[in-house]
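Visitor: next comes the sequence, and after it the predicted model I'd like to discuss.
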Amino acid sequence: MAKVVIVGGVAGGATTAARIRRLDEDAEIVLLERGDYVSFANCGLPYHIGGVIPDRESLLVQTAQGMRIRYRIDVRTGHEVLRIYRAEKQVEVLERETGKVYREDYDYLVLSPGAEPIQPALPGIDAEGIFVLRTMEHMDSIIEFIKAKRPQRAIVVGAGFIGLEMAENFHEIGLKVDIVEMAPQVLTQLDEEMAALVHARLRKAGVGLHLGRSVKGFRKLPDGLEVELADGSALQADMAIMAVGVRPDTRLAEECGLLVGSAGILVNDYLQTSDPAIYALGDAVEVRDPILNRSIPIPLAGPANKQGRIVANNICGRRERYPGSVGTAIVQVFGLHVGVAGANRRSLEESNIDFSSVVIHPLSHAGYYPGAKPLSIKVHFTPGGSLLGAQVVGERGVDKRIDLLATAIKVGLTVYDLQGLELAYAPPFSSAKDPVNMVGYVAGNVCNGDVKVVNWDEIGDRFVLDVREPGEYARGHIPGAVNIPLGQLRDRLGELPRDKEIVVHCRVGMRSYIAVRILMQRGFKSVFNLNGGYRTYSAVMADK
C-alpha cells in the first residue's frame, strides 16, 4: 500500500488527492495545507468583493471535513511543510496552531505549493490600505477594510486578469478606479489592436488608465494614500491592490536540490521532478508551450486541475503524459469578454516563427435576429495554415469561439479545418457560416495567395485606397487615403498607380477583399488588404 503526501491543496493538490482515492481505495493519502482552506474558488474572490457572488461559503469548493468523509483522506489544514528530506523520503511539518514540528514519511510526494503574489520592495508598500489578492484571507482583509474605512478611490497596480477583475468589482461597489500598468497595454497576452478595444471599454466606464508607467512608491496621507509614479506624477487613493503577477513557490524544491528553472520547478512529461518519487504541478511548475516549444509558467486553474488528474494516474500506474498548455483564458471587463489561446504576435516574432495573421469583425449571431453584437477575432497561422494563436473580444459569444479556436490549436487543426467545422446554427446563436468558419475562410484566402494582408502598423508610405462610401469616409479616414467606393472601382482603375504598392480598406475588410480581387485580376501586382479594416485602425489610433 503506497503512502502519498501532498503539499498544498486548492486546484492541483485537492484534485490529485481525490483522483488517487478513486483509483486506489487502499492508498494512504495525507494532504498538508498551510492555510485554513483546502480547496476554494480562487477565481471567484474578486466577485465576492464586488458583491456579484454574495455567499462567501459558496467559494469553498470542498472542505477538509468533506474530503475526510467522502474520500477518507487525511487532510491537515494549518500544517506547513518546512523542508524535504529526499534520502529519507520524509517531510518536516509545522503544525501552526501548536507549534509542533514533526516528520511525515512518504512513498510518493506531490508538490502543489502554488504561487505567491509579487510584492515589489517599494517604499511604503507596507502602509495600511495596500493589499494583494490570492487567498480567502486576503479577500477577507479587503472586505473588512472596505466596510470599516468606506473608501471612495482605489488604485489597481497591474492590468492582468486579476487586476482587471478587481477594477471591475471595485467599480461595482461604487469606487473610483485608476489602473497603473508598466506595459503600454493591458493584458499582455493580447496584440496591441485587440488591447485597444479593452482600453476603450475601460475609459468608457470611467476608469483612469495610466499605461507605460510604473509605481515608484507609496506615501501614507492623513486621508488615504499617495501613489508616486516613476515619471514624477502621483495619484491619490484610499486603498490600493497590487496585482502585478505571481511568483512560483519553489523554495521547498530548491532547498532539497530538485531542478528548478527560471519560471518554476522543472518536470518531465509525466510531471515528475528530477527525483522520480516527487511530482509537482500547478502554478509552481514550468510546462511546455507546444506552439513556441519552450517552458513557461501557466498560473491557471484549468491546467492545474488537469495536471492533478495526470499526477494521480501516474502514481497509480496509469502512465499518462501532460501535453503542455496553450494558455487558454478568458476575462470579463465591464461587459466586454476577452478570450486568448496560443501565441500572440510578440511571442511569435521573438521566436522567429514565420506566420501570418487575419482580423475579422463578424456578428455574434445572425444580424437579422435581435441582440447581435460585433466580435473581433484575430488568428495567427503558419504559411501552411497551422493555427498558432487566437484572440476574441466582444460582448456575446466570445467564450464559444475562443473554446473552439483553443481546441483547434490544441489538437493541431489548420485554418482549412476551421472552414469545415459543422457548428450548431439557429438565428439566436450563430450564423449559417459561424465566425469561426469565417476566420478560417479569410485565413485560407491568405494561405492560398488569393489576398495579401498588412497590419495597421505596416501601412508605411503605401498608396491607401478607401473603398467605403463617401459618407463613411467623411466621418473618419486614414490620412492621405483616396476614396473610391467599391461600386465605382471597376470604372476608375485609371486613377490608381500601377507602380506603387496599394493598401485597400473598408470598414471591416469584406468590401476591400472584393476590391483586392478586382485589382489583382486587372494586373495590379502589389495589392494588400488592411487587416481588420478601418475599425481596427481607428481603434488603435484612438488609443494613441
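Guide: Arrived safely, thanks for sending.
Visitor: list the buried residues for stretch 466-482?
Guide: Going by neighbour count (16 or more other Cβ atoms under 10 Å), the buried part of stretch 466-482 is 466, 467, 468, 472, 473, 477, 478, 481, 482. For the C-beta atoms, the positions are set from N, CA and C on the backbone; glycine is no exception.
Visitor: ranges for the helices of the stretch 251-400 of the chain?
Guide: Applying DSSP state H, counting those that start in this stretch to the stretch 251-400 of the chain gives helices spanning 251-255, 301-315, 345-350, 398-411.
Visitor: picking that back up, please convert the buried residues of stretch 466-482 to JSON lines, extending it with secondary structure.
Guide: Shown next, in JSON lines, are the buried residues of stretch 466-482 (DSSP: H, G, I helix; E, B strand; the rest coil):
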{"residue": "466", "secondary structure": "strand"}
{"residue": "467", "secondary structure": "coil"}
{"residue": "468", "secondary structure": "coil"}
{"residue": "472", "secondary structure": "helix"}
{"residue": "473", "secondary structure": "helix"}
{"residue": "477", "secondary structure": "coil"}
{"residue": "478", "secondary structure": "coil"}
{"residue": "481", "secondary structure": "coil"}
{"residue": "482", "secondary structure": "strand"}
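Visitor: of all the helices of the stretch 251-400 of the chain, which lies closest to residue 31?
Guide: helix 301-315 (11.5 Å; Cβ to Cβ).
Visitor: hang on, the earlier thing: and residue 26, which of the helices of the stretch 251-400 of the chain is closest to it?
Guide: The nearest among those, by Cβ to Cβ, is helix 301-315 at 13.0 Å.
Visitor: convert the C-alpha atoms of that closest one to PDB, please.
Guide: Only the C-alpha atoms of helix 301-315 are listed here, as PDB (Å, rounded to 0.1, in the frame of the first residue of the first chain):
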ATOM      1  CA  ALA A 301      -6.900  26.700 -12.600                       C
ATOM      2  CA  GLY A 302      -7.800  24.600 -15.600                       C
ATOM      3  CA  PRO A 303      -4.300  23.300 -16.300                       C
ATOM      4  CA  ALA A 304      -3.700  22.700 -12.600                       C
ATOM      5  CA  ASN A 305      -6.800  20.500 -12.300                       C
ATOM      6  CA  LYS A 306      -5.800  18.500 -15.400                       C
ATOM      7  CA  GLN A 307      -2.300  18.100 -14.100                       C
ATOM      8  CA  GLY A 308      -3.700  16.800 -10.700                       C
ATOM      9  CA  ARG A 309      -5.500  14.100 -12.500                       C
ATOM     10  CA  ILE A 310      -2.500  13.100 -14.600                       C
ATOM     11  CA  VAL A 311      -0.200  13.000 -11.500                       C
ATOM     12  CA  ALA A 312      -2.700  10.700  -9.700                       C
ATOM     13  CA  ASN A 313      -2.900   8.500 -12.800                       C
ATOM     14  CA  ASN A 314       0.900   8.100 -12.900                       C
ATOM     15  CA  ILE A 315       1.200   7.400  -9.200                       C
END
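Visitor: which strands and helices sit next to it?
Guide: With contacts taken as 3 or more Cβ pairs under 8 Å, 6 or more residues apart in numbering; DSSP states H and E, helix 301-315 sits against helix 10-23, strand 108-111, strand 278-280.
Visitor: pLDDT on that helix, on average?
Guide: Mean pLDDT, computed over helix 301-315, is 94.
Visitor: and which of the buried residues of stretch 466-482 is nearest residue 217?
Guide: Nearest to residue 217 among the buried residues of stretch 466-482 is residue 478, at 42.4 Å by Cβ to Cβ.
Visitor: now do the contacts for that closest one.
Guide: By Cβ atoms under 8 Å, 6 or more residues apart in numbering, the residues touching residue 478 are 459, 464, 466, 505, 534, 537.
Visitor: check which helices and strands the helix or strand in which the fifth one is found sits against.
Guide: Going back to what we said before, that points to residue 534. Under the criterion of DSSP states H and E, residue 534 resides in helix 533-542. When contacts are defined as 3+ Cβ pairs under 8 Å, 6+ apart, helix 533-542 sits against helix 192-204, strand 502-505.
Visitor: most neighbours per residue, which of the ones you listed?
Guide: With neighbours defined as mean count of other Cβ atoms under 10 Å, the helices and strands packed on helix 533-542 peak in mean count at strand 502-505, which reaches a mean of 27.
Visitor: show me what that strand is packed against.
Guide: In terms of contacts (3+ Cβ pairs under 8 Å, 6+ apart), strand 502-505 is packed against strand 463-466, helix 510-521, strand 527-530, helix 533-542.
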